[in-house]
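Trainee: sequence first, predicted coordinates after that:
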Amino acid sequence: MHWVELTRHYKQDIWHPANYFLRTQPGRTSGSLGQTTIDGLFGGFNITGREPDVVDTFSNFTKTDTCNMSSLELHRPFAPLCDTTDALMTAMSYGGRNGMDAPYAPRGCDMRWFSTAELCDIMSRFGRISVIGDSMSRNLVVAMHLLLRQDLYNGGKATWMSTKPGRDCTCRAPFEDGQCIFNTAFSSKALFQHDAKSMACPHDRSGMIECEFPSPFASVSATS
C-alpha cells in the first residue's frame, strides 16, 4: 500500500482520529499509579480525563536489569487530545522534549499512546505497509517490531541471525550501533518466518510492515 493510500485510509476510515487518537479506550486503568505519583510525574500538565491513559504499557514486556524503562518515560499523557487530524500532525511536528531524557510531548494537544493489543488491531487492517527512507525510517520499523514483540531486550534484533563475536545487538544497540544494521528486525515477513512465536499479534491479525531503503553497497553517481 502506497503512503498516499495509507494516508487516505488514515483520514477517512481506518485510522480516523474519531476512532483512535481522540478517545480514551474503555477498560484501561492506571494500575498502581496513584494521584500523588501522577502529580509527581506530570506536574504542570493537565491530565483531567486522561487518567486511564497514564499506564506503563511496557509493564509486561521482556526486560533485564540493564534494559528496562517505562513507556511513561517516552510520552506523558496530557489534556486535551487533538480533535482533528491536522491538529494532531501539527502538534506532533512541533512537539519535543523539555530537557535531556525528558518524555516527548506534542505541542498544544496530545496524541494517544497505543498498547500492543491496539497496535495488533490497527495492523490487521492493512495487508502490507512499506516504510521507505533512510536509517531513521529503519529505526521506526524496528521500534514497531519491538512493541509488537513486547520485548525491550531482543525486540529490535533479528534473533535468528548470528552476530559478530563480541558484538551485542540487544536492547538499544539496533538503534545506536551501525554494526548491528544487518541484525535488526525491520521485516514482519522475516519475523513471522523465523521467529513467529516472538510476535504478540497472531499472523492472521497482523499486517506486514517492512522497511525498504537503499543498499549501503549501492553505487551512487553524482554530477556537478
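Mentor: Done, it's in. Numbers count the residues shown, from 1 in each chain.
Trainee: contacts and neighbour counts: CA atoms only from here.
Mentor: OK.
Trainee: the strands in this protein, which residues?
Mentor: Using DSSP state E, the strands of the chain run over 96-97, 104-105, 128-132, 208-212.
Trainee: just how off-centre is stretch 45-64 within its chain?
Mentor: Chain-centre distance of stretch 45-64: 14 Å, with C-alpha atoms, centre = their mean, to the nearest Å.
Trainee: in that stretch, what counts as buried?
Mentor: 47, 50-58, 61, 63 (16 or more other C-alpha atoms under 10 Å).
Trainee: Serialize the strands of the chain to a markdown table and add fields for distance to Leu146.
Mentor: What follows is those, written out as a markdown table (distance: least, C-alpha to C-alpha, whole Å):
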| stretch | distance to Leu146 |
| --- | --- |
| strand 96-97 | 22 |
| strand 104-105 | 18 |
| strand 128-132 | 16 |
| strand 208-212 | 12 |
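Trainee: export the ones you listed to TSV and tack on mean pLDDT, mean neighbour count and distance to Phe192?
Mentor: Formatted as TSV, these follow (pLDDT from 0 to 100; neighbours: other C-alpha atoms under 10 Å; distance: least, C-alpha to C-alpha, whole Å):
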stretch	mean pLDDT	mean neighbour count	distance to Phe192
strand 96-97	90	14	34
strand 104-105	92	20	31
strand 128-132	87	17	13
strand 208-212	84	20	9
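Trainee: now this protein, which segments are flagged as low pLDDT?
Mentor: 1-44, 205, 213-224 (pLDDT under 70).
Trainee: quick one, domains of it?
Mentor: 1-60+71-113, 116-212 (automatic domain parsing).
Trainee: show me where this structure has its helices.
Mentor: With helices called from DSSP state H, the chain shows them at 3-12, 35-41, 85-93, 116-123, 135-149, 173-176, 188-194.
Trainee: buried ones in the third one?
Mentor: Of the residues in helix 85-93, those with enough neighbours to count as buried (16+ other C-alpha under 10 Å) are 85, 87-88, 91-92.
Trainee: that older thread, nearest to Thr159 among the strands of the chain would be which one?
Mentor: Closest approach to Thr159 among the strands of the chain is made by strand 208-212 (16.7 Å; C-alpha to C-alpha).
Trainee: what sits closest to Asn68 if chain neighbours are left out?
Mentor: When the adjacent residues along the chain are set aside, Asn68 lies closest to Leu152, with 7.1 Å between them (C-alpha to C-alpha, 6 or more residues apart in numbering).
Trainee: measure the one you found to Val54 for me?
Mentor: Distance, Leu152 to Val54, by C-alpha to C-alpha, to the nearest Å: 20 Å.
Trainee: now do Ser198
Mentor: 26 Å.
Trainee: how about Cys82?
Mentor: On the measure of C-alpha to C-alpha, Cys82 and Val54 end up 17 Å apart.
Trainee: ok, now His145?
Mentor: Taking C-alpha to C-alpha, one finds His145 at 23 Å from Val54.
Trainee: quick one on the thing from earlier: most packed of the domains of the chain?
Mentor: Most buried of the domains of the chain, by mean neighbour count (mean count of other C-alpha atoms under 10 Å): domain 116-212, with a mean of 18.
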